[in-house]
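Visitor: here are the coordinates; sequence isn't available:
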């Protein structure tokens, strides 16, 4: 369903350790907007109806409305411009 690159997984673990000190859940979400599909993520607790997926040792939470849009999504962390690294969401290659 969802793929995390090793770079994205490392960055998520690092952010969790700095912010919380313990392993936490990462909520990933997607919604359709006028510009296309918008993605987001943040640390959260599980809720009723969430799909829980463990990828690269990280538990991802996906609410029902986002589940279809998150299918085959690749989350990477890379330099998009010199000196500007960030998370990038893309449809994974089949």
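Guide: The structure has been received and is ready for your questions. Keep in mind it's a predicted model, so treat the numbers as computed, not measured.
Visitor: only C-alpha atoms from now on, for both contacts and neighbour counts.
Guide: OK.
Visitor: just say helix, strand or coil for residue 9.
Guide: Three-state assignment for residue 9 (DSSP: H, G, I helix; E, B strand; the rest coil): helix.
Visitor: got the buried residues for the helix or strand bottoming out on mean pLDDT in the chain?
Guide: Within the chain, no helix or strand scores below helix 6-19, which has a mean of 90 by mean pLDDT, DSSP states H and E. Neighbour counts over helix 6-19 (16 or more other C-alpha atoms under 10 Å) mark 8, 9, 11, 12, 13, 16 as buried.
Visitor: quick check: angle from the very next helix or strand once past it to helix 6-19?
Guide: Following helix 6-19 in sequence order, the next helix or strand is strand 25-33 (DSSP states H and E). On the basis of axes from the mean of the first three to the mean of the last three C-alpha atoms, to 10 degrees, strand 25-33 is oriented at 120 degrees to helix 6-19.
Visitor: who does strand 25-33 pair up with?
Guide: strand 36-44 (antiparallel), strand 58-62 (parallel) (DSSP bridges).
Visitor: could you give the bridge partners of the residue most central in space within the chain?
Guide: Residue closest to the mean C-alpha point of the chain, counted by C-alpha atoms, centre = their mean, is residue 28 at 4.6 Å. Note on residue 28: beta-bridge partners by DSSP bridges are residue 41.
Visitor: please begin residue numbering at 33 from this point
Guide: Sure, I'll start counting at 33 from here, so that last one is residue 60.
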